[in-house]
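1. This is a predicted model, with the sequence first.
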Amino acid sequence: MITELAPVLEALLLASDKPLSVERLGQVFDEHDGVDNKRIKKALRELQKSYDGRGYQLVEVASGFRFQVQQGYALWVARLWQEKPQKYSKALLETLSIIAYQQPITRGEIESIRGVGVSSSIIHTMIDRSWIRSVGHKEVPGRPELFATTKEFLDHFNLKQLSDLPALDELASWNEATMAPAKLKQPQQQEIDVVTESIH
Amino acid sequence: MITELAPVLEALLLASDKPLSVERLGQVFDEHDGVDNKRIKKALRELQKSYDGRGYQLVEVASGFRFQVQQGYALWVARLWQEKPQKYSKALLETLSIIAYQQPITRGEIESIRGVGVSSSIIHTMIDRSWIRSVGHKEVPGRPELFATTKEFLDHFNLKQLSDLPALDELASWNEATMAPAKLKQPQQQEIDVVTESIH
Amino acid sequence: MDIRVEGKEYEIPVDLYIPPHALQVILETTFEGPLDLLLYLIRRHNLDILSIDVAKITYQYIAYIELMESNRFELAGEYLVMAATLAEIKSRSLLPSTQAIDEDEEDPRVRLIKQLQEYERFKNASERVAELPRMERDNFSVNMSMPDVKQARPRPTVQMDELLAAYGDVLKRCDMYEHHTISRERLSTRERMSSLMAQLQEHQFMSFHDLFNLSEGRMGIVVTFLAMMELVKEKLIKLVQAQEFGPIHVSLGGQNDSPNQELAL
């Protein structure tokens, strides 16, 4: 029997990146926890009141309850973001590039190429930006989702179609070019030779 | 002049996906807001106390302050998620600990302490998670990279600074007497036979 | 005295014998190298590193190595080097004591003990580090949504060169340069594969012909066909035909519950 239900609900709602319904919250508890939907609802109502005067609140939206920053303080948060545009992590960029070049591809396949796990938040961020989307499931055990890039991805990178992505030899020559600007003046053919050598 | 600083700070910290330092928080305010670092620190300390008995807390880690779910409720959160938290191998934890305690250190030096090779994938995983980074090269033949831990490493393990790491064992002192070759026991032929037999 | 305790141990051969359940433990736990294995052997006998009996440890160590080899464990060379070191120490211990003292700087036993002590410190420390409260295991970050604000959060932008550099790193890491020369043709096929998957997800069962866009011309048709073949090969879609010479339909892989025959490709 749980006596202190309120902090457990707070922990669950704050850790979740999606709103949680009363039913979903209820699934967390066992029979002997003595927690039913009625008790959960009551605790949530009491919690809602307890955040008066704080910078955040517990709101009920269509798919359940979630914490959000108080409307009145949102402009401060906007200032925080305004000043420092963030950068995407290397992990995100690598994952995105693998999807672009190897699509359609499952998360497991990306992980085996990168040799390291791909966190859900990276996938979510890219879906959120509409750069990638799920285009189906691979018919292997577990039916993992297959990811592919979108038109928005192409738009962002000023590409008309995927085949406008630089081919790998250009990738190498792009490196060469930025490393040593002098190389740009060399005739095209010679440059390619250099690249080919360095690859093999 | 802001009269109610605390809820603003709450909103900022809760909306941020990374810890925020006092300085970073301070950048949000204008001169006429009348907010200095001292006032921010004081407000943060008061806020910290105000979360007693809640499902979350405000903690200070290496790169600043962040909200997190109270440790005691981790098991409930785990029930909400099917995904198991990633487990790190013994090899990774040993390598990470050696870097943490002996930084800056080269891969070769880590290997000589562990008496075994350190796989590249372990190094990559840690760089990928931003737990370690290369801070330069050692001026010895081959100019090997020197690795050090990052603020993100401290943040992940809830530490404010390196000196908060658990203490290393004292090296047991030993004297010449213990090491005197005379004390070395002569092997007994008979024993050897027993072992050899029992294994095969 | 030490010797008496050790002497007593020696009288019970059972103690030196590695019981089967212990072997099981060895096989299930992988050692983090020869030092880890040595520490395990020393701890099993409740011995202090400073007073290890090299002869005894050597035999046990070699026994384990033989065991691992017989179980086709891939043994790192470090394990064999350690075996040689132990053998050297043992043979030195057989020499008259005066000779051994002469070169105490180089004494391999001193070196080994120092190494073991050093390793044990970090091994213990890593066990403590593993127990520190850790994000995503003991602590969770807080996810708080924002109400609608006029100023939307500026999203970081990515330049093409950053993306290329990231992909270059991936390729470098997994040595894919040789077998992954990505050409334009291949990419347009991959793109078409994605769009075919998307179409089939929406309509589930489509006529083979409807998937071709004739206005794309010959090249477009070839690309669509190649993409289809690739998808069939990866078992992502199925081509089905209700009867011989009948219309061909395409569906997502695994959704074929009609009695139609599958086209063998």
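-> Here it is on my side, so go on. Being a predicted model, the structure only gives us computed values, none of them experimental.

2. Write out the residues of the stretch 101-250 of chain C neighbouring chain B.
-> Residues of the stretch 101-250 of chain C lying close to chain B (C-beta under 8 Å from any C-beta of the partner chain) are C:101, C:104, C:107, C:109-110, C:113, C:115, C:117-130, C:132-142, C:144, C:146, C:173. C-beta here means a position set from N, CA and C on the backbone, and glycine is covered the same way.

3. which phi and psi does the one residue in chain C that gets nearest to chain B have?
-> For chain C and chain B, the shortest gap (C-beta to the nearest C-beta) falls at C:G33, measuring 2.8 Å. The phi/psi pair for C:G33 (degrees, to the nearest 10) reads phi 110, psi 170.

4. Enumerate every residue touching the closest residue to it other than its chain neighbours.
-> Of all residues not flanking C:G33 in the chain, B:V116 sits nearest, at 2.8 Å (C-beta to C-beta, 6 or more residues apart in numbering or on different chains). The contact partners of B:V116, by C-beta atoms under 8 Å, 6 or more residues apart in numbering or on different chains, come to C:32-36, C:76, C:78.

5. quick one on the thing from earlier: which of the residues of the stretch 101-250 of chain C next to chain B fall in helices?
-> Counting by DSSP state H, the part of these found in helices is C:101, C:109-110, C:113, C:115, C:117-130, C:173.

6. does chain A sit close to stretch C:210-223?
-> No. Figure legend: stretch C:210-223 not in contact with chain A (C-beta under 8 Å from any C-beta); closest approach 9.0 Å.

7. Please, where are all the helices along chain A?
-> A:5-15, A:22-26, A:37-50, A:74-83, A:90-102, A:107-114, A:120-128, A:151-156, A:168-179, A:188-199.

8. Which strands or helices does the second one pack on?
-> Read that as helix A:22-26. For helix A:22-26, the packing partners by 3 or more C-beta pairs under 8 Å, 6 or more residues apart in numbering or on different chains; DSSP states H and E come out as helix A:5-15, helix A:37-50, strand A:64-69.

9. Could you identify which of the ones you listed is most buried?
-> With neighbours defined as mean count of other C-beta atoms under 10 Å in any protein chain shown, those peak in mean count at helix A:5-15, which reaches a mean of 23.

10. In contact with the residue of chain C closest to chain B, which residues?
-> B:114-116, C:76, C:78-79.

11. Have a look at the residues you listed and tell me the least confident one.
-> Minimum pLDDT across the contacts of C:G33 is recorded for C:A76, with 63.

12. about what we covered before: just the buried ones out of the residues of the stretch 101-250 of chain C next to chain B, please.
-> Those of these that meet the buried threshold are C:107, C:109, C:113, C:115, C:117-123, C:125-126, C:129-130, C:134-142, C:144, C:146, C:173, by 16 or more other C-beta atoms under 10 Å in any protein chain shown.

13. contacting residues around stretch A:16-24?
-> By C-beta under 8 Å, 6+ apart, the residues outside stretch A:16-24 that reach it are A:12-13, A:37, A:40-41, A:44, A:61-66, A:121, A:124, B:80, C:143.

14. Roughly how far does the closest residue to A:S130 other than its chain neighbours sit from chain B?
-> Leaving aside its sequence neighbours, A:S130 sits nearest to A:E152 (C-beta to C-beta, 6+ apart; 4.1 Å). In this view, A:E152 and chain B are 22 Å apart by C-beta to the nearest C-beta, to the nearest Å.

15. A:E152 is in contact with A:R129, isn't it?
-> Yes. Counting by C-beta atoms under 8 Å, A:R129 is a contact partner of A:E152 at 7.3 Å.

16. Neighbour count: those two, which is higher?
-> The neighbour count for A:E152 versus A:R129, taken as other C-beta atoms under 10 Å in any protein chain shown, is higher for A:R129 (18 against 13).

17. So what does that one look like in phi/psi?
-> Backbone geometry at A:R129, expressed as degrees, to the nearest 10, gives phi -80, psi 0.

18. quick one: it and A:D155 touch, right?
-> No. Counting by C-beta under 8 Å, A:R129 sits too far from A:D155 to count as a contact (11.2 Å).

19. that older thread, would you single out the least confident of the helices of chain A?
-> Note on the helices of chain A: lowest mean pLDDT is at helix A:188-199, with a mean of 31.

20. and chain A, which residues reach chain B?
-> A:4, A:6-12, A:14-16, A:20, A:28, A:53-56, A:67, A:69-70, A:73-74, A:76-77, A:79-80, A:83, A:89-91, A:115-117, A:120.

21. For chain A, see how far away the nearest residue in space to C:I52 that is not next to it in sequence is.
-> Using C-beta to C-beta, 6+ apart and skipping the chain neighbours, the partner closest in space to C:I52 is C:I42 (5.7 Å). Here C:I42 is placed at a distance of 35 Å from chain A (C-beta to the nearest C-beta).

22. Likewise for C:L196?
-> Applying C-beta to the nearest C-beta, the value for C:L196 to chain A is 9 Å.

23. Angles on the backbone of C:P34, please.
-> Backbone geometry at C:P34, expressed as degrees, to the nearest 10, gives phi -60, psi -40.

24. contacting residues around it?
-> Here C:P34 is in contact with B:115-116, C:61, C:78-79, C:81-82 (C-beta under 8 Å, 6+ apart).

25. Excluding residues flanking it in the chain, which one is nearest it?
-> The shortest distance from C:P34 to any non-neighbouring residue, by C-beta to C-beta, 6+ apart, is to C:M82 (3.6 Å).

26. Let me see the confidence value for that neighbour.
-> C:M82 is given a pLDDT of 89.

27. mind listing what it touches?
-> Counting by C-beta under 8 Å, 6+ apart, C:M82 makes contact with B:115, C:34-35, C:37-38, C:61.

28. Which helix or which strand is home to it?
-> helix C:77-93 (DSSP states H and E).

29. wait, doesn't C:D53 sit right on C:L47?
-> Yes. Applying C-beta under 8 Å, one finds C:D53 in contact with C:L47, separated by 7.4 Å.

30. higher neighbour count, those two?
-> Set side by side, C:D53 and C:L47 show more neighbours around C:D53, with 20 against 17, by other C-beta under 10 Å.
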